[in-house]
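A.B. asks: Structure for the following, please:
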Amino acid sequence: MTTADVVVPGDWDEVTPSWMTAALSRHHPGVEVDTVTVALRDDGTNRRARLALTYAAGTGPATVFVKGVDPGHKDLIKLTSGLLHEPRLFSAINEADLVLPLEHPTVYSAVIDEVNEDFILVMEDLTARDADPRDATRPLTVEQAASGVRGLARMHGGFWNHRVDTEPALSWLEPFVPWDGMEYAPLPAALERLGDDAPPAVHALSIGDLIENVWKPYIRTLTTSSVTLLHGDAHIGNTYLLPTGEVGFLDWQVARRGNFSLDLGYFLQGALTTEDRRGSERALLEEYREALGLPADELPSPEDIWLRYRASVAHGLTLWLCTASAGELWQRPDIALALAQRYSAAYADLHTAEALADLS
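C.D. replies: Below you'll find the model as predicted:
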């Protein structure tokens with residue numbers, strides 16, 4: 001489906017059988033959708049729903065998951081995420097045979113309306129594969145996290161440096177750079193909720209220190225070192241676990257070009273309990289390095305991976321302290337608090353301030 005001949009429906013009950021037939025045609029040639037029913041709505045920052053389908057001809061999925069732009073959050077998404085990055089990525093997969101060598105949902109169609117800054121993704125309903133979406137209240141085991149680490153490494157290695165720079169299907173990919181707005185977060189509210197669970201080094205931070213002296217200096221390193229294709233938002237809430245034990249990655253809205261450490265640190269430091277992270281992160285970083293699949297002269301050294309991993313805490317700490325400070329506005333408070341606790345512990349454990357100084 002292309003933007004030239006397909007209209008993005010304004011709401012889920014406007015998705016007609018003929019529209020859905022066109023959306024499924026690439027992956028299910030010959031199908032003819034008979035009925036489309038909204039089985040579940042789950043609107044948040046984006047519009048999301050599960051649609052139930054029946055067929056007049058051929059066979060296809062009984063349900064699909066759809067995702068589109070919520071007008072009320074459009075400006076926020078443009079500021080922090082990149083409104084059309086996810087549909088552009090999956091358009092490249094479907095139309096330019098781009099391959100992401102890690103587990104991710106199948107997207108049957110990515111319909112983009114560039115003029116009106118709108119899109120719809122029609123993707124597989126992961127419940128059909130018994131996928132288990134995870135969040136911070138249900139952390140991964142070390143073995144499960146290793147699956148995610150290997151997947152990220154395969155993707156990063158496949159697009160390392162010149163590979164991402166010269167890939168025509170990713171010519172739209174933007175660098176990961178700082179954005180404005182988080183400096184208005186009421187940080188004391190988050191620190192009060194954390195209490196003694198946050199180390200003194202975190203309690204000592206003001207919102208100005210956090211943004212200007214921790215987060216932005218780290219984010220600026222992402223484009224002055226080895227770069228690759230980044231998921232960009234690889235926290236545990238954007239993952240799922242398959243019955244095989246393989247970890248997959250959802251919500252590619254923040255796909256960017258930048259240093260590998262952002263994905264690696266953001267994932268590991270939030271997906272594991274603090275105890276498991278402390279006991280396994282060195283071995284998991286070595287597993288990541290081995291899974292990159294790069295020639296020896298392109299492999300980052302273990303010391304460089306360790307340094308950049310330590311510095312990467314800056315991102316998770318900042319995002320989840322700001323999220324936790326907002327109460328229920330952006331995320332369930334128990335999820336935000338759990339992640340703020342994990343990244344706060346990692347900030348002290350890994351001496352992130354010193355790592356940032358070493359990178360500067």
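A.B. asks: Surely Glu290 is within a helix?
C.D. replies: Yes: assessed by DSSP: H, G, I helix; E, B strand; the rest coil, Glu290 belongs to a helix.
A.B. asks: residues touching it, list them.
C.D. replies: If you count contacts by C-beta atoms under 8 Å, 6 or more residues apart in numbering, Glu290 has them with Ala153. (Glycine included, C-beta is placed from N, CA and C.)
A.B. asks: Next: Val214.
C.D. replies: Val214 sits next to Leu205, Ala314, Leu317, Thr318, Thr352, Ala353, Leu356 when contact means C-beta under 8 Å, 6+ apart.
A.B. asks: if we go to 7 Å?
C.D. replies: Val214 makes contacts with Ala314, Leu317, Thr318, Leu356, as judged by C-beta atoms under 7 Å, 6 or more residues apart in numbering.
A.B. asks: Kindly report the same for Val313.
C.D. replies: Shown in contact with Val313 (C-beta under 7 Å, 6+ apart): Gly265, Gln269, Tyr343, Ala346, Tyr347, Leu350, Thr352.
A.B. asks: change it to 10 Å
C.D. replies: Applying C-beta atoms under 10 Å, 6 or more residues apart in numbering to Val313 gives the contacts 214, 218, 261, 265-266, 269, 342-353, 355-356.
A.B. asks: Of those, select the buried ones using a ChimeraX command.
C.D. replies: In ChimeraX syntax, the buried subset of the contacts of Val313 is picked out as below (16 or more other C-beta atoms under 10 Å):
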select :214,218,261,265,266,269,342,343,344,345,346,347,349,350,352,353,355,356
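A.B. asks: secondary structure class for Val214?
C.D. replies: Here Val214 is helix, with the state taken from three-state DSSP.
A.B. asks: Report pLDDT for Ser360.
C.D. replies: With respect to pLDDT, Ser360 scores 85.
A.B. asks: again with Pro71
C.D. replies: On the pLDDT scale, Pro71 is placed at 67.
A.B. asks: next SSE after the helix or strand bottoming out on mean pLDDT in the chain?
C.D. replies: For the chain, counting by mean pLDDT, DSSP states H and E, helix 74-80 ranks last in confidence among helices and strands (a mean of 67). As assigned by DSSP states H and E, the chain's next helix or strand after helix 74-80 is helix 85-95.
A.B. asks: average pLDDT across that following helix?
C.D. replies: Helix 85-95 comes out at a mean pLDDT of 95.
A.B. asks: Direction included, what does the helix or strand that it is followed by pair up with?
C.D. replies: Downstream of helix 85-95, the next assigned helix or strand under DSSP H and E is strand 107-113. Each strand paired with strand 107-113, and its direction, by DSSP bridges: strand 118-124 (antiparallel).
A.B. asks: and the next helix or strand after the partner strand, what other elements does it pack with?
C.D. replies: Remark: after strand 118-124, the chain's next helix or strand is strand 132-133, criterion DSSP H and E. On a contact count with 3 or more C-beta pairs under 10 Å, 6 or more residues apart in numbering; DSSP states H and E, strand 132-133 meets strand 239-241.
A.B. asks: Where do the strands of this structure begin and end?
C.D. replies: 32-41, 46-57, 63-69, 107-113, 118-124, 132-133, 228-230, 239-241, 247-249, 256-258 (DSSP state E).
A.B. asks: Name the strands paired with the shortest one and say parallel or antiparallel.
C.D. replies: According to DSSP bridges, strand 132-133 has the following sheet partners: strand 239-241 (antiparallel).
A.B. asks: Could you list the low-confidence segments of the chain?
C.D. replies: For the chain, the stretches with pLDDT under 70 are 1-6, 44-45, 71-74, 76-81, 329.
A.B. asks: swap the cut-off to 80 and go again
C.D. replies: The chain contains residues with pLDDT under 80 at 1-7, 10, 43-46, 70-82, 327-330.
A.B. asks: isn't Glu286 right next to Ser301, touching?
C.D. replies: No: counting by C-beta atoms under 10 Å, Glu286 sits too far from Ser301 to count as a contact (11.6 Å).
A.B. asks: quick one, which of these two is more surrounded?
C.D. replies: Shown here are Glu286 and Ser301; by other C-beta atoms under 10 Å, Glu286 has more neighbours (14 against 9).
A.B. asks: Now for the closest residue to the more buried one other than its chain neighbours, how many residues are close by?
C.D. replies: Spatial nearest neighbour of Glu286, excluding adjacent residues (C-beta to C-beta, 6 or more residues apart in numbering): Pro302 at 6.8 Å. Neighbour count of Pro302, defined by other C-beta under 10 Å: 12.
A.B. asks: How much space separates Pro302 from Ala234?
C.D. replies: Pro302 sits 21 Å away from Ala234, taking C-beta to C-beta, to the nearest Å as the criterion.
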